[in-house]
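*Asks:* with the input below, show me the fold.
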Amino acid sequence: MSTIRVVWGTATGPTALAAYDAALAEAGVHNYNLITLSSVIPDGPAIEVTGTAPDLGPPGEALEVVQSSATAEPGESVAAGIGWARSDDGPGIFYEVDGTSEDAVRMEIREGLAAGRDLRDWEFVEENVYVESAASDSEYVSAVVLATYGESHPVV
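*Replies:* Residues are numbered from 1 along each chain as shown. Prediction:
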């Protein structure tokens, strides 16, 4: 399997959806049809924290992701984050959280990862957390953090 990339973006816009789309653009994934996966990491792929996705294929194709996103009205703050833990044998888990406080999101991710580790008979050796936050006084604001799985592929 190819690489899983952790990407992120924050942006503002005149509507909630415009802010979200602009945040996806900052992350480099706005031209794909995002397919949300549950949060299990398969054995094998490397995880790279890249910020912005490279070209992952033609516009309009499907791209599997684990996504955290938060959008708020003008004058409010948002935070989105993803954490991950991997086992010694390779498989692992993602945990995604959104909210209004970067610290609260980070804490909830760590609590969720701990609970997820307790559910599995895997020996975990790695844990990482990445959180983005933003605020805007004049427009809607959005923050996204995504783990993108490999390259895009045709929808039909």
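*Asks:* and the helix ranked longest in the chain, which residues are buried?
*Replies:* The helix spanning the most residues in the chain, taking DSSP state H as the definition, is helix 102-118. For helix 102-118, the buried set under the neighbour-count rule, 16 or more other Cβ atoms under 10 Å, comprises 102, 105, 106, 108, 109, 110, 112, 113, 116, 117. Any C-beta I mention is one placed from the backbone N, CA and C, and that applies to glycine too.
*Asks:* I'd say the first one and residue 135 touch.
*Replies:* I take that to be residue 102. No. Residue 102 is beyond contact range of residue 135, at 10.6 Å (criterion: Cβ atoms under 8 Å).
*Asks:* keeping just the C-alphas, turn stretch 88-104 into CSV.
*Replies:* Output of stretch 88-104 as CSV, limited to C-alpha atoms (Å, rounded to 0.1, in the frame of the first residue of the first chain):
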residue,chain,number,x,y,z
ASP,A,88,4.7,-2.9,16.7
ASP,A,89,3.4,-5.1,14.0
GLY,A,90,2.2,-2.2,11.8
PRO,A,91,-1.6,-1.8,12.1
GLY,A,92,-2.9,1.1,14.2
ILE,A,93,-5.8,3.5,14.8
PHE,A,94,-6.6,7.1,14.0
TYR,A,95,-8.8,9.2,16.3
GLU,A,96,-10.3,12.5,15.0
VAL,A,97,-11.9,15.3,17.0
ASP,A,98,-13.2,18.7,16.3
GLY,A,99,-14.2,21.6,18.7
THR,A,100,-13.6,25.1,19.6
SER,A,101,-10.4,24.8,21.7
GLU,A,102,-7.1,23.4,20.5
ASP,A,103,-6.2,22.2,24.0
ALA,A,104,-9.5,20.5,24.5
